[in-house]
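>>> Return atomic coordinates for the entry below.
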Amino acid sequence: TLNRISSSGVSGASYFTGSIINQVRDDEGAYLAVSSRGNFFLTWEPGQDFWIPHNRGTPRRIQNMGFVEGRINKGVWMTLNGGKLLVSPPSDLNVEQFAFKESDIKTGGYGITDVAWRSKEEVWAVGGSNTMYVSKDGGNKFLF
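Residues are numbered from 1 along each chain as shown. Presented below is the predicted three-dimensional model:
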């Protein structure tokens with residue numbers, strides 16, 4: 001279940017069915033998972049009793065997610081339908097919505113399938129039709 005408040009102000013539990021399409025683990029044992037419909041994601045850290053659900057905060061569906069620099073305490077990245085890439089700063093995992101910032105990446109609508117940090121400043125993104133993008137400023141602006 002995902003506890004939330006609807007647009008009409010009614011609060012309560014929402015039940016989601018489906019499966020997980022992506023699950024990643026960082027070196028410290030924290031997990032991040034994306035729902036099969038791409039409408040929310042879940043986080044879990046060692047010591048927590050249950051997974052924490054988070055709304056995606058955008059009308060576009062989530063394609064993939066991962067950790068900034070491979071660690072959940074450095075932040076989270078999210079790729080969306082239509083080639084969008086969002087990156088959050090380090091966040092409290094108990095919040096419902098992360099403070100994602102959209103990266104400047106010109107994909108022409110092709111989706112981004114994966115993102116990886118080679119160093120703190122050098123970030124690579126891979127997309128549809130074998131496209132690759134690189135950022136030399138920590139993921140703020142990408143070049144083809």
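
>>> Could I get the full set of strands for this protein?
2-5, 11-14, 20-25, 31-35, 40-44, 52-55, 62-67, 76-80, 84-87, 101-102, 112-117, 123-127, 131-135 (DSSP state E).

>>> Contacts for the third one, please.
If you take C-beta atoms under 8 Å, 6 or more residues apart in numbering as the criterion, strand 20-25 is touched by 31, 32, 33, 34, 35, 36, 38, 42, 64, 65, 66, 67. (C-beta placed from N, C-alpha, C; glycine too.)

>>> Please name the bridge partners of the residue nearest the centre of the chain.
What sits nearest the mean C-alpha location of the chain, by C-alpha atoms, centre = their mean, is residue 78, with 2.9 Å. Listed by DSSP bridges, the beta-bridge partners for residue 78 are residue 65, residue 86.

>>> give the contact list for it.
Counted by C-beta under 8 Å, 6+ apart, residue 78 has contacts 41, 56, 62, 64, 65, 85, 86, 87, 88, 100.
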